[in-house]
Structures are given as C-alpha cells and as structure tokens.
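Student: Coordinates for the following, if possible.
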Amino acid sequence: MTLHGFLNINKPAGLTSHDVVARVRRLAGRSARVGHAGTLDPLATGVLPVALGHATRLIEYLAEARKGYVGLVRLGVTTATDDAEGAVLATRPLPPLDDAAIEAAVAPLRGAIQQIPPAYAALHYQGRRLYDLARAGAAPDMPPRPVVIYRLDWERAGPDTLRIVVECGKGAYIRSLARDIGAALGCGGHLAALQRTFVGLFHLATAIPLDTLSADPAELAAALLPPETAVADWPVAQLDADQARRVANGMPVRLPALRGDRARAHGPDGALLAVLCYTGDDWQPEKVFLR
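Tutor: Numbers count the residues shown, from 1 in each chain. The predicted structure is shown next:
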C-alpha cells in the first residue's frame, strides 16, 4: 500500500527531525517517500508535520506557514548553542528584573526584525552547515536576516526564568530570541526548553506521539491526514471531468474568480489533483498529483 498524506507528529525530546523521518520510513516501508516540514532541534518537542508519498511535494508550502512555540528562557547563563545542550560560555548575576525592564528587553524583538541566527544552526554558509563550522572552531560572523515575530509574550516562570509564547514566520530562531533577551538585560540567557505548538493548520492538540504509530499499513493510513491539509486554507477549485483531464496533462484552465494567485484543485472524485498558479488569464498547474 502506497501512502500519501501527512502525519502530525508530537516529537519527543532527544530525537532529531531526521530521526523521526527514519522511524516513519521504517513503519511505512523502506521505499516510501518521507520528509518533514520544519526542523526541530533534539531538545525541542511538539508539532512536526511528516509527509508521505505525494504529500512530500507540498512541504515547501509549509515553509511559509506561521509557527507557534512555548519556550523557557534561563537568564544569567550563555551557552555556545544558545540552548541547554551547549557548553556554558559565561555566567553572570541577574540585574534587578522588574516588569518594565523585561518588557523593554522584549519589545524590540516583536514585529519585522533583523535576527542573527545561532552559531550552531542547520543553515548553509559557503557550502557547509553552520553547526559543522562551529564544531570545527570556524564559525563565521553571520549577518542578521529579516524575520517576522507576530507574537512574543512573556511571564515569569522562576527567579531566573521567563516563559515565552511566540508566533513567527519562516526563518526565525527561538534560540536567538532567548539569547537576545538575555543580552538586552545585560546578563545573557539561553533557551532552556522549547515546544512547538503549531505549524500552519497542524496543532499540538491533535498531534500523535511517535511511539503510538504502528507498522500496520491500515493503522498507519488511518493516522494520515490528507495531503491538502498543508494548503487547507488556500482557495479551492472543484474541477469537472474535462477540466481535470486538462490539468492532469499540464494544461491551463479558466476558472471563476478566486482570491490570491494560488489554489488547490480537486477532481470530480474529490481528491487533490493539483496546485494551480494564476497567470493573469488562466490557472496553470504548478504541481500535479496522479496516483
């Protein structure tokens, strides 16, 4: 049985995103196409959408999705990785932390900001991963990158700890937020714990613990969400038989007005057939899914 769709996995701590993909591939069959949407560090837990079969071709659209996190920021300790897994670089006493001082440190990190990624990150620099360069003692000084922080709330979670709730766009690092909050307060800080609460329409409340997945194809299929879950908030084009034949052959179609410049197209059987892109006159298939 070839499986097509998404698993909304609740990733446990201690596994990389690649480890989760490997586990799902063992369950689905060695020849199965499997990929994940949005890397989570081993320390982090929570939502990790995993795509199987044709759904792997939709992963790129989830890169644009808004993401949510809950994290713990420990103040007074900086680490090499900006999280609890790295070697401690410095320990400093905490300054007086009244609410006004904390809010003054947090406020500039909301909205459209320039953010320096952590030294230990999966980003490429001159053909190599940043974390490989950092481990070799050759971490470059990375320029800041534009990211969007839609929400950044905080509350006290202990004498030296803040609990933060974040909603952000693509490319944002919660480790960098923790580091920058600590730097703004003058004592340093790092991300002590992190849970991802949503990626687009994939939410923690409906995520499946990895250990509950079964190698039984029927049970695994029952846990799958349809491929269009990744683009469920896009406008929908319901195609008739003639339009479906044209789209299946890569030909454009004329459709009633739809919002935006992309739509998901479903054939007469209701299954996702294609991703369409508006060209100004008609709708051109961008990806076609034939089973």
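Student: Beta-bridge partners for His190, please?
Tutor: Beta-bridge partners of His190, counted by DSSP bridges, are Arg74.
Student: Helices along this structure, start to end?
Tutor: 17-28, 59-62, 99-106, 130-135, 174-185, 217-223, 241-248 (DSSP state H).
Student: pLDDT (mean, whole number) over the third one?
Tutor: For helix 99-106, mean pLDDT is 97.
Student: before we move on, back to that, let me know which of the helices of the chain is the nearest to Val88.
Tutor: For these, the distance to Val88 is smallest for helix 174-185, at 12.8 Å, taking Cβ to Cβ. Where you see a C-beta, it was placed from the backbone N, CA and C, and this is true even at glycine.
Student: still on that earlier bit, could you identify which of the helices of the chain is most buried?
Tutor: Using mean count of other Cβ atoms under 10 Å, the stretch among the helices of the chain with the greatest mean number of neighbours is helix 174-185 (a mean of 23).
Student: which other residues reach that helix?
Tutor: 41, 69, 71, 73-76, 78, 81-83, 94-95, 97, 101-102, 104-106, 108-109, 115-118, 149, 152, 162, 164, 166, 168, 188-192, 194 (Cβ atoms under 8 Å, 6 or more residues apart in numbering).
Student: please redo it, this time with the cut-off set to 7 Å
Tutor: The contact list for helix 174-185, computed with Cβ atoms under 7 Å, 6 or more residues apart in numbering, reads 69, 71, 73, 75, 78, 82-83, 95, 101, 105-106, 109, 115-118, 164, 166, 188-191, 194.
Student: If I take it and helix 99-106, what angle do their directions form?
Tutor: Taking axes from the mean of the first three to the mean of the last three Cα atoms, to 10 degrees, helix 174-185 and helix 99-106 form an angle of 130 degrees between their directions.
Student: hmm, back to that, in ChimeraX, how would I select just the buried ones from the contacts of helix 174-185?
Tutor: For selection in ChimeraX, the members of the contacts of helix 174-185 meeting the burial criterion (16 or more other Cβ atoms under 10 Å) are listed in this command:
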select :69,71,73,75,78,82,83,105,106,109,115,117,118,164,166,188,189,190,191,194
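Student: State the pLDDT value of Gly68.
Tutor: We note a pLDDT of 98 for Gly68 in this prediction.
Student: Bridging across strands, which residues link to it?
Tutor: The residues listed as beta-bridge partners of Gly68 by DSSP bridges are Glu167, Phe198.
Student: Run through the stretch 51-200 of the chain and note the low-pLDDT ranges.
Tutor: Scanning the stretch 51-200 of the chain for pLDDT under 70 picks out 119-142.
Student: between the helices of the chain, which one is nearest to Tyr278?
Tutor: Between Tyr278 and the helices of the chain, the shortest gap by Cβ to Cβ is with helix 241-248, which sits at 13.6 Å.
Student: For that closest one, which helices and strands make contact with it?
Tutor: Based on contacts counted as 3 or more Cβ pairs under 7 Å, 6 or more residues apart in numbering; DSSP states H and E, the elements that helix 241-248 packs against are strand 272-278, strand 283-288.
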